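Engineer: Build me a model:
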Amino acid sequence: MSKNYNQLFKRELEKIKGHRPTLLLHVCCGPCSEYPLVLLSEHFKISVYYENPNIYPESEYDKRLIELEKYLDYLNKDIKLIIPPFDHDFQSELAKFGPMKEGGKRCVYCYGKRMYRAYRYADEQHFDYFTTVMSISNHKNADYINRLGEDMQDHFKTRFLYADFKKDGGIDINRKMNKDIGLYEQDYCGCIFTYKIHESKLQNS
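Structural biologist: You can find the predicted model right below:
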């Protein structure tokens with residue numbers, strides 16, 4: 001049975017009330033980080049980790065990074081952005097799974113590997129907490145994401161912060177924020193397979 005990750009998130013916020021622990025936040029793009037960053041910055045000292053070698057082509061990776069940087073400037077908060085080296089072999093790893101419906105084994109592998117790398121950095125740098133913004137998306141399975149984080153927590157001292165940012169109207173707040181701020185919002189998740197599906201839809205429209 002799936003846990004209530006939103007409730008677990010709220011309980012953790014209650015535990016840290018009056019403190020301001022450090023949090024490494026894995027971010028996939030600017031639009032997905034809008035509401036989570038506003039919410040989390042009230043409770044944590046945040047650093048953002050842009051671990052996304054799944055994005056194809058690399059020019060799209062750069063474009064999404066620029067939009068994230070724009071949003072961080074817009075927020076004007078003390079949030080550090082960390083950009084690890086781009087892994088050019090990541091697409092080949094995803095290709096082993098081949099084309100399949102979004103949300104399947106390829107996607108779980110992709111979430112997991114990116115989260116693990118970010119989580120490992122959080123642990124090496126002695127952050128108090130780690131989490132990811134990916135649960136804000138309707139296209140991402142929050143249960144998978146949180147279970148991955150829970151499993152990883154067994155290997156690290158840094159605590160995993162359960163979250164489902166879609167809940168309590170989070171997805172609607174995020175959409176309104178993106179409309180108001182006007183960040184570039186991508187039409188596909190990231191990898192070459194979702195890119196090809198997107199391109200095919202454009203050609204057939």
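
Engineer: for the biggest helix by length in the chain, packing partners?
Structural biologist: Across the chain, the longest stretch assigned as helix under DSSP state H is helix 105-124. The elements that helix 105-124 packs onto, with contact taken as 3 or more Cβ pairs under 8 Å, 6 or more residues apart in numbering; DSSP states H and E, are strand 22-26, strand 45-49, helix 90-95, strand 129-132, helix 142-153. For every residue, glycine as well, the C-beta is placed using N, CA and C.

Engineer: Residues contacting it from elsewhere in the structure, which ones?
Structural biologist: The set of residues external to helix 105-124 that reach it, using Cβ atoms under 8 Å, 6 or more residues apart in numbering, is 24, 26, 28, 49, 51-54, 82, 84, 90, 93-94, 97-98, 100, 129-130, 132, 134, 140-141, 144-145, 148-149, 152, 156-158, 160, 189-191, 193.

Engineer: Quick one: end-to-end length of stretch 21-41, please.
Structural biologist: Taking Cα to Cα, to the nearest Å as the measure, stretch 21-41 stretches 10 Å from start to finish.

Engineer: Run the chain-centre distance for stretch 113-123.
Structural biologist: In terms of Cα atoms, centre = their mean, to the nearest Å, the centre of stretch 113-123 is found 12 Å from the chain centre.

Engineer: pLDDT averaged over that stretch - what is it?
Structural biologist: Taken as a whole, stretch 113-123 has a mean pLDDT of 98.

Engineer: which of the helices and strands packed on helix 105-124 is buried the deepest?
Structural biologist: Highest mean neighbour count of the helices and strands packed on helix 105-124: strand 129-132, a mean of 26 (counted as mean count of other Cβ atoms under 10 Å).

Engineer: Give the partner strands of that one in its sheet and their orientations.
Structural biologist: With DSSP bridges as the test, strand 129-132 is paired with strand 22-26 (parallel), strand 159-160 (parallel).

Engineer: Which residues does it contact?
Structural biologist: 21-28, 44, 111, 115, 118-119, 122-123, 145, 149, 156, 158-163.

Engineer: Swap in 6 Å and give it another go.
Structural biologist: For strand 129-132, contacts defined as Cβ atoms under 6 Å, 6 or more residues apart in numbering pick out 21, 23, 24, 26, 115, 119, 122, 158, 159, 160, 161, 163.

Engineer: Distance from it to the middle of the chain?
Structural biologist: For strand 129-132, the distance to the chain centre is 9 Å (Cα atoms, centre = their mean).

Engineer: residue contacts, the closest residue in space to residue 184 that isn't next to it in sequence?
Structural biologist: Leaving aside its sequence neighbours, residue 184 sits nearest to residue 67 (Cβ to Cβ, 6 or more residues apart in numbering; 5.0 Å). Shown in contact with residue 67 (Cβ under 6 Å, 6+ apart): 30, 183, 184.

Engineer: Show me the residues you listed that map onto helices.
Structural biologist: residue 30.

Engineer: Please tell me which one of the contacts of residue 67 counts the most neighbours.
Structural biologist: residue 30 (25 neighbours; other Cβ atoms under 10 Å).

Engineer: Just the buried residues of the one helix or strand residue 66 maps to, please?
Structural biologist: Using DSSP states H and E, residue 66 falls within helix 58-75. Judged by neighbour count (16 or more other Cβ atoms under 10 Å), helix 58-75 contains these buried residues: 60, 61, 63, 64, 65, 67, 68, 71, 72.
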